[in-house]
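Engineer: Okay, predicted coordinates and the sequence, questions at the end:
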Amino acid sequence: MSTNAIINGSLLLLFLAACAPQAELVKTRSDMNDLREDVKSAKTNIQDMQRLDQDMQKRLDLLDANVRGTLDVQKVMADYGAKTDQLAMDIQLLQGKLEENNFRIAEFGQKLDDRAVKIAELTARVEELEAKVKLMSSGVGTMTTAQTSSAMTKGKTASPKTIEPSEAYRQAKSDYDKGHFELALAGFQNYMAQFPDASQADKVQYWEGECYYSLKNFNKAIAAFTKVIKNYPKSDKVPGAKLKIGFSYLNEKNPAKAKEYLRQVIKDHPGTNEADIAKDRLAKLGK
């Protein structure tokens, strides 16, 4: 068999091998676009709900004005009470829908993270195959068909599949829930090293602080929780991070700093469970 025939056969095998990951890459990108559209739709729903909440507040203000401007106070108050009860139910329903949409957005974020990792893997595989095709077509490589197949097989086994962000988070959180705090800490730190820009990074940073707190390493817990506040100021984990910094200072026998952070929770995040806990602890400390 001539050298040209061997090279042509090798190029054909490499081209066929490249087609599969390219097709999978195209499908994955299409799926990722669909997920982005779902996230956009969910955010639009949240904005609509927020406008409904503002409209409800206007209705409450109008009711207040009616009460002040009428002589039949008892009748108006009775009507006001009935309407207020209905508004309270509407607001409660609205809050439930907001929480549901926030949960869906978090799920979409995790799926996007996983898709991004998969696309990176597929892109690397395609680039590797394209590089081999160029190498063969340039005449540098003169390996036989059997040698080419062997090299391709080795290339696949040499690049193990990277764990997806959602699975890495699930494993670390599972270890934390089981009380394996050192193992969970390693898992959360590995997540931050591999996926620093993932959608769950703020939560992972928070749970890193919780691991240190459970291990009674309060100085490192304070440092980890501080990163949540500094790096993710809009995260829903910020109130909890401030609260746990206050608790950490209490364990470090620094009541002045502890009270400072507990008061921050109450001031910056009123109406939250964290604010209620902070009020209760301050009351016990005598403020």
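Structural biologist: Yep, it's here. Numbers count the residues shown, from 1 in each chain.
Engineer: which residues are in contact with whichever helix or strand residue 209 is part of?
Structural biologist: Using DSSP states H and E, residue 209 sits within helix 201-214. Contacts to helix 201-214, defined as C-beta atoms under 8 Å, 6 or more residues apart in numbering, come from residues 169, 172-173, 176, 181-182, 184-185, 188-189, 191-192, 195, 198, 218, 220-222, 224-225, 227-228, 231-232, 235, 237, 240-241, 244, 247-248. All C-beta spots, glycine's among them, are computed from the backbone N, C-alpha and C.
Engineer: Report the buried residues of stretch 208-225.
Structural biologist: For stretch 208-225, a neighbour-count test (16 or more other C-beta atoms under 10 Å) marks 208-213, 217-218, 220-222, 224-225 as buried.
Engineer: What of stretch 276-287?
Structural biologist: 277, 278, 279, 281, 282.
Engineer: Narrow those residues to those in helices?
Structural biologist: 277, 278, 279, 281, 282 (DSSP state H).
Engineer: could you redo these as a markdown table and give each row distance to residue 257 and pLDDT?
Structural biologist: Listed next are those as a markdown table, based on distance: C-beta to C-beta, whole Å; pLDDT from 0 to 100:
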| residue | distance to residue 257 | pLDDT |
| --- | --- | --- |
| 277 | 17 | 96 |
| 278 | 14 | 96 |
| 279 | 18 | 96 |
| 281 | 13 | 95 |
| 282 | 13 | 95 |
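Engineer: which helices and strands sit right next to the next helix-or-strand element following the helix holding residue 209?
Structural biologist: As assigned by DSSP H and E, the chain's next helix or strand after helix 201-214 is helix 218-231. Contacts defined by 3 or more C-beta pairs under 8 Å, 6 or more residues apart in numbering; DSSP states H and E place helix 218-231 against helix 201-214, helix 238-251.
Engineer: Pull the most distant pair out of the ones in helices among the buried residues of stretch 276-287.
Structural biologist: Using C-beta to C-beta, the pair of these lying farthest apart is 277 and 282, separated by 9.7 Å.
Engineer: Below-threshold pLDDT in the stretch 101-250 of the chain: ranges please.
Structural biologist: Residue ranges of the stretch 101-250 of the chain with pLDDT under 70: 101-162.
Engineer: Contact partners for residue 247?
Structural biologist: Contacts of residue 247 by C-beta under 8 Å, 6+ apart are 213, 258, 281.
Engineer: Fine, thanks again, bye for now.
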